[in-house]
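Q: quick check, what structure comes out for this input:
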Amino acid sequence: MKHYAFALSLLVILLISCRHSSQVNKEESISSERENYNWVKYDPILISDQLPKVVEEQSGMIWHDSLIWVNNDSGGAPALYAYNLKGSLQQTLQIKNVANLDWEDLAEDEKYFYIGEFGNNKGTRKNLKLFRVEKSDIDDRPEVNVTADEISFAWADQKDFKRKKHNHNYDCEAFFSYGDSLYFFTKNWENLKTRMYVMEKSVKHHDLKPKAEFDTDFMVTGADISSDGKLMALVGYKNYRTYMILYYNFIGSDFFGGEHIRLNLSSLGGAQTEGVVFTDCDELLINTEATKQAQAVYKIDWKQWIKN
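A: Down below sits the predicted model:
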C-alpha cells in the first residue's frame, strides 16, 4: 500500500510538472511570437518622480495651461489633479455629480475636458461612458467644483459579455480628441492588438463600430496626437514592460495607413505606464503609476527619428 501511495504521488507530481512546463512554453511562444518586429531600444528621460502622493494611481493625462492634468484609476475620487513639471500640485478639479467607477483616460478640445469612464478588465461592462466638463467652468482657484455632462456608448461589435478577466479584447484605456471626433483604442488582453473606434462629439448614446485594427504587440493604455495632427503615439505594456509606437506620414485620420516606429522602453523596468500626452510645443510625455517604483513622468525625444 505504501508503494502504491508513493507511485501515485510521483505520478501526480509528474503531471503537475508537465502541465506547468506546457504553460511556460506557451507563454514563451506568445512573448516571442512577433520578435521579428524591429523594436528600437530607448531610455526615456526622467522629468520627475517626486509627484504628489494623491496621484499614486495616475492614469489619464492631458496638457492644459502648461500643467499636466491626470485622473486616478478605478475607485479613486471623482477628481482631476494638475501639477507642474517639477511635480508640484497646482490645482484640484472636483466633479460633484459623478463617480469614479473605472476612469482610464483623459482627452480635451478647445471647449471641454473628456473623462473616459470605460475601464473593462472583466469584459462584462455595458455602461461605458464619458464625462464632459466645460473648461469655462474652471477658474484659477486651487480647488474648483464643477459638474459634468454624460455621454454613453457601446462597442457595437461586442456580443459576448461573459466574465473573462484579463482574457478578452474589449477593454479600453486610451482615447484622444482630433478635429470634430473622439478616437478610442482598445486594450486587447487576448491578442495584443488594438482596434480604433470613432465617435462624434454629441451628447447622446453612441454605438461604435471598429474602423481599423493594428497589431501593436502590446496592450495599449494611452494615446495622443500632436498639435498639428501629423504624429500619433500609442503607449502600453506587455509582460510588465513598456512599449510605444509612433505613427507618422499618414493622411487625415488613417493613422495606421502611414509609417510607424516601434520603441522598446523596457529600461523603465516594472513601471506601469498609463498615459501619454503631447504638450503645446509637441514635447512627448508619458506617466507611470506607483508600483515598486514611485509614480513618475518621463519625456520621449521623438525628433531623433521623425522629422515632423
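Q: so residue 251, which state does it fall into?
A: Under DSSP: H, G, I helix; E, B strand; the rest coil, residue 251 falls in the coil class.
Q: so what's it up against?
A: 257, 258 (Cβ atoms under 8 Å, 6 or more residues apart in numbering). No exception for glycine: its C-beta is placed from N, CA and C like everyone else's.
Q: that one and residue 112: what is the separation?
A: The span separating residue 251 from residue 112 equals 27 Å under the rule Cβ to Cβ, to the nearest Å.
Q: and if you look at residue 92?
A: Applying Cβ to Cβ to residue 92 and residue 112 gives a distance of 18 Å.
Q: the two: who's more crowded?
A: Comparing residue 92 with residue 112 by other Cβ atoms under 10 Å, the one with more neighbours is residue 112, at 20 against 17.
Q: that one against residue 135, yeah?
A: Yes. Contact criterion Cβ atoms under 8 Å: residue 112 and residue 135 qualify, at 6.4 Å.
Q: which strands border the one helix or strand residue 186 maps to, and is each parallel or antiparallel?
A: Take DSSP states H and E as the rule and residue 186 turns out to sit in strand 181-187. According to DSSP bridges, strand 181-187 forms sheet pairs with strand 171-178 (antiparallel), strand 194-200 (antiparallel).
Q: most tightly packed of the ones you listed?
A: Among the strands paired with strand 181-187, strand 171-178 has the highest mean neighbour count (mean count of other Cβ atoms under 10 Å), at a mean of 24.
Q: contacts for it next, please.
A: 59, 104-105, 107-109, 114, 116, 118-121, 123, 128, 182-189, 194, 201, 219-225, 229, 234, 236, 253, 274.
Q: need the strands paired with strand 181-187 in a markdown table with distance to residue 247 and mean pLDDT, can you?
A: Listed next are the strands paired with strand 181-187 as a markdown table, based on distance: least, Cβ to Cβ, whole Å; pLDDT from 0 to 100:
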| stretch | distance to residue 247 | mean pLDDT |
| --- | --- | --- |
| strand 171-178 | 12 | 98 |
| strand 194-200 | 11 | 98 |
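Q: out of those, which is closest to residue 69?
A: Closest to residue 69 of the strands paired with strand 181-187, according to Cβ to Cβ: strand 171-178, at 13.6 Å.
Q: if we can go back for a sec, go through the contacts of strand 171-178 and flag which are in strands.
A: Cross-referencing the contacts of strand 171-178 against strands under DSSP state E gives 59, 104-105, 107-108, 114, 116, 128, 182-187, 194, 219-225, 234, 236, 274.
Q: go ahead and flag the most central residue of this protein.
A: The residue lying closest to the centre of the chain (Cα atoms, centre = their mean) is residue 221, at 1.6 Å.
Q: tell me who's in contact with that residue.
A: The contact partners of residue 221, by Cβ under 8 Å, 6+ apart, come to 59, 104, 173, 174, 187, 235, 236, 237, 273, 274, 275.
Q: try it again at 7 Å.
A: 173, 174, 187, 235, 236, 237, 273, 274 (Cβ atoms under 7 Å, 6 or more residues apart in numbering).
Q: nearest spatial neighbour of the first one, skipping sequence neighbours?
A: Spatial nearest neighbour of residue 173, chain neighbours left out: residue 104 (4.1 Å); criterion: Cβ to Cβ, 6 or more residues apart in numbering.
Q: need the pLDDT of residue 98.
A: The pLDDT attached to residue 98 in the predicted structure is 97.
Q: what is the neighbour count of it?
A: Residue 98 has 17 nearby residues by other Cβ under 10 Å.
Q: how much space between it and residue 77?
A: For residue 98, the distance to residue 77 - Cβ to Cβ - is 11 Å.
Q: look up how far residue 185 lies from the residue nearest to the centre of the chain.
A: According to Cβ to Cβ, residue 221 and residue 185 sit 9 Å apart.
Q: thinking again about what came up before, select only the buried ones of the ones in strands among the contacts of strand 171-178 in ChimeraX?
A: Applying 16 or more other Cβ atoms under 10 Å to the ones in strands among the contacts of strand 171-178, the buried members can be selected in ChimeraX as follows:
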select :59,104,105,107,108,114,116,128,182,183,184,185,186,187,194,219,220,221,222,223,224,225,234,236,274
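Q: show me the helices in the stretch 51-200 of the chain, by range?
A: Under the criterion DSSP state H, counting those that start in this stretch, the stretch 51-200 of the chain carries no helices.
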